[in-house]
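Trainee: have a look at this prediction, sequence included:
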Amino acid sequence: MTGLKTMLNPKVTAVVGVSTSNPFSPGNVIFRKLAFENALPTYPINPKGGEVEGIPVHKSITEAPDDIELAVISVPAKYVPSVLKECGEKKIHSVIVVSGGFSEVGSTGASLQTEIVEIANEYKISMVGPNCIGVFVPDVLDTFFLPSERVARPRKGNVAIISQSGGWLIERLEEFADRDVGIAAAISIGNAAQTKVTDFIEYFGKDDRVHVICAYIEGFGKDEGRKFVEACKKIAPKKPVVVLKGGESEAGHRATQSHTSSLAGDHAVTNAAFQQFGVIHALDEDEVMAYAKVFSFKPKPMLGPRIGTLTVSGGHGVIASDEASHYGLTMPPFSEKEQSIMREVMTPAYQGIASFRNPCDLTGSAADVDYERVLDKMLSFDSIDAALLLLLPYAPGISLQIGARVANVAKRYGKTVVAYVPDLDKYEVIIRGFELNGIAVGDTIEEAVQMMNAIRMRSKYLQHIGKL
């Protein structure tokens with residue numbers, strides 16, 4: 001799909017289906033974004049001609065200038081074939097069809113969808129859609145037909161997101177923006193009539209700016225599932241591919257058919273196939289967020305399931321233990337010798353009240369230096385594979401610098417470290433101290449454990465194929 005590179009970074013665009021009477025039509029919203037927000041030279045197209053936002057409207061793609069690299073089509077389904085042919089004759093090789101009314105509505109629409117795929121293939125057009133909201137690339141491109149003031153947009157980053165559902169994608173962008181997780185691109189593929197999720201998996205797999213690929217998939221067409229996992233198998237050793245699969249229940253299967261007309265599959269079969277080919281199977285949206293965030297930091301590997309945990313609250317340690325057990329992760333008790341080693345570096349006044357069994361409860365009297373010194377000893381033990389830090393900054397001895405201070409200790413070791421800090425504005429400096437130094441922070445204990453689970457799953461796969 002040679003047109004994908006141009007699609008994600010076009011120099012000149014066109015929007016077919018602007019309205020001279022309705023400024024809120026999908027075509028007009030897309031045109032304003034491309035022309036004014038993205039500052040891309042953009043030609044509005046409408047058979048009636050006229051003006052939109054003071055810019056002359058061309059009556060067809062044929063009459064528009066020849067420098068168009070991406071065309072966004074937003075016209076009734078029955079007109080899409082003829083517009084697509086014009087794009088082909090104009091040698092436009094990147095097209096996004098946001099129009100609905102194709103396979104998702106039944107046999108008539110399916111026939112129309114087959115027709116536009118044949119046209120796209122004939123003219124070597126890379127076509128995304130139909131029945132999609134298109135593509136968003138921070139600082140470059142936004143073809144979503146939703147007004148910008150109503151939808152948050154994440155900053156530029158290294159997570160690529162591909163989704164068969166436009167609504168699901170919009171919600172993830174809101175969440176990513178709220179959590180300050182940057183993205184490289186967000187792709188709504190809709191019915192995926194021609195360009196499939198596999199095409200984008202392969203594309204982003206070769207893009208060094210992308211650290212992790214996330215996808216929401218409702219199902220596959222004939223033979224597409226095999227192609228998808230084979231593509232993931234090639235990419236998985238280089239970067240993680242996280243997938244949330246919809247339509248795995250009977251009710252979900254029916255809903256999938258009426259949404260994008262995809263063929264859904266059984267959960268057990270899907271999970272087994274994903275494990276075999278290195279795909280990280282997210283079971284819900286919370287896991288998607290946790291996995292995307294932690295892999296955006298390129299965490300160190302976790303060669304086993306054993307976690308050493310530091311906390312200033314015994315209750316939080318118990319919760320973390322329960323969560324870890326749910327994911328098959330363990331918090332093995334430290335030996336008497338190991339406990340003694342950690343106790344000796346603790347502030348003398350608090351040595352007697354701290355517990356070092358695992359989780360290690362340093363108590364509310366602990367200070368930054370206690371976290372630093374105890375973590376330094378803990379990471380040196382062969383009895384653990386990773387460390388989980390449960391930070392509750394209400395403790396008087398904990399400063400706003402603890403994130404950076406503890407992160408610098410972690411840098412000296414080859415083991416992964418994940419932290420939990422309450423997601424409150426007053427703790428922003430602590431969170432940034434961790435994240436700017438390469439340690440992912442969960443805003444709940446559950447999320448922090450989910451992050452460790454993702455690292456362990458990926459490390460286990462890499463061990464299995466001999467890459468660790």
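Mentor: Done, it's in.
Trainee: contact partners for Val418?
Mentor: Contact analysis of Val418 by CB atoms under 8 Å, 6 or more residues apart in numbering lists 294, 299, 386-389, 439-442, 448, 451-452, 455. C-beta coordinates here come from the backbone N, C-alpha and C atoms, glycine included.
Trainee: give me that answer again for 6 Å
Mentor: Residues in contact with Val418 (CB atoms under 6 Å, 6 or more residues apart in numbering) are Leu388, Ala440, Ala448, Met451, Met452.
Trainee: tell me which element the spatially closest residue to the second one that is not a sequence neighbour is part of?
Mentor: In other words, Ala440. Residue nearest to Ala440 in three dimensions, not counting chain neighbours: Val294, with 4.3 Å by CB to CB, 6 or more residues apart in numbering. Following DSSP states H and E, one finds Val294 within helix 285-295.
Trainee: name the helices or strands packed onto that helix?
Mentor: Applying 3 or more CB pairs under 6 Å, 6 or more residues apart in numbering; DSSP states H and E, one finds that helix 285-295 contacts strand 212-217, helix 445-464.
Trainee: now do 7 Å
Mentor: Applying 3 or more CB pairs under 7 Å, 6 or more residues apart in numbering; DSSP states H and E, we find helix 285-295 packed against strand 212-217, strand 241-245, strand 280-282, helix 445-464.
Trainee: any idea which helix or strand comes after that helix?
Mentor: strand 307-311.
Trainee: could you check the angle helix 445-464 makes with that following strand?
Mentor: 160 degrees (axes from the mean of the first three to the mean of the last three CA atoms, to 10 degrees).
Trainee: direction included, what does strand 307-311 pair up with?
Mentor: Strand pairing for strand 307-311, using DSSP bridges, gives strand 360-361 (parallel), strand 386-390 (parallel).
Trainee: ok, residues contacting the very next helix or strand once past that strand?
Mentor: Following strand 307-311 in sequence order, the next helix or strand is helix 314-326 (DSSP H and E). The set of residues external to helix 314-326 that reach it, using CB atoms under 7 Å, 6 or more residues apart in numbering, is 307, 309, 311, 330-331, 359, 361, 388, 390, 392, 445-446, 449.
Trainee: and stretch 39-55, by the same measure?
Mentor: 10, 12-16, 18-20, 28, 31-32, 34-35, 57-61, 64-65, 68.
Trainee: what comes up buried for that stretch?
Mentor: Of the residues in stretch 39-55, Leu40, Thr42, Tyr43, Pro44, Ile45, Asn46, Val52 count as buried by neighbour count, 16 or more other CB atoms under 10 Å.
Trainee: keep only those of the residues you listed that are in helices.
Mentor: Using DSSP state H, no member of those falls in helices.
Trainee: can you state the direction angle for the helix holding Val294 and strand 241-245?
Mentor: Using the same axes, to 10 degrees: helix 285-295 against strand 241-245 is 180 degrees.
Trainee: per-residue confidence averaged over helix 285-295?
Mentor: Average pLDDT, helix 285-295: 97.
Trainee: what do you get for stretch 16-29?
Mentor: On average, the pLDDT along stretch 16-29 is 95.
Trainee: can you list the buried residues in it?
Mentor: Result for stretch 16-29 [16+ other CB under 10 Å]: buried residues Val16, Gly17, Val18, Ser19, Ser25, Pro26, Gly27, Asn28, Val29.
Trainee: just the ones of the residues you listed in helices?
Mentor: Reading helices off the buried residues of stretch 16-29 with DSSP H, I get Pro26, Gly27, Asn28, Val29.
Trainee: just to check, the third one is in contact with Ser21?
Mentor: No. Between Asn28 and Ser21 there is no contact, the gap being 9.8 Å when judged by CB atoms under 7 Å.
Trainee: contact partners of stretch 66-83?
Mentor: Contacts to stretch 66-83, defined as CB under 7 Å, 6+ apart, come from residues 6-7, 10-17, 26-27, 30, 43, 61, 87, 90, 92, 94-102, 109, 112, 115-116, 119, 130, 134, 143, 145.
Trainee: and the helix or strand where Glu230 lies, what does it pack against?
Mentor: Element membership for Glu230, per DSSP H and E: helix 224-235. Applying 3+ CB pairs under 7 Å, 6+ apart, one finds that helix 224-235 contacts helix 197-205.
Trainee: Thr108: neighbour count?
Mentor: Thr108 is flanked by 13 other residues according to other CB atoms under 10 Å.
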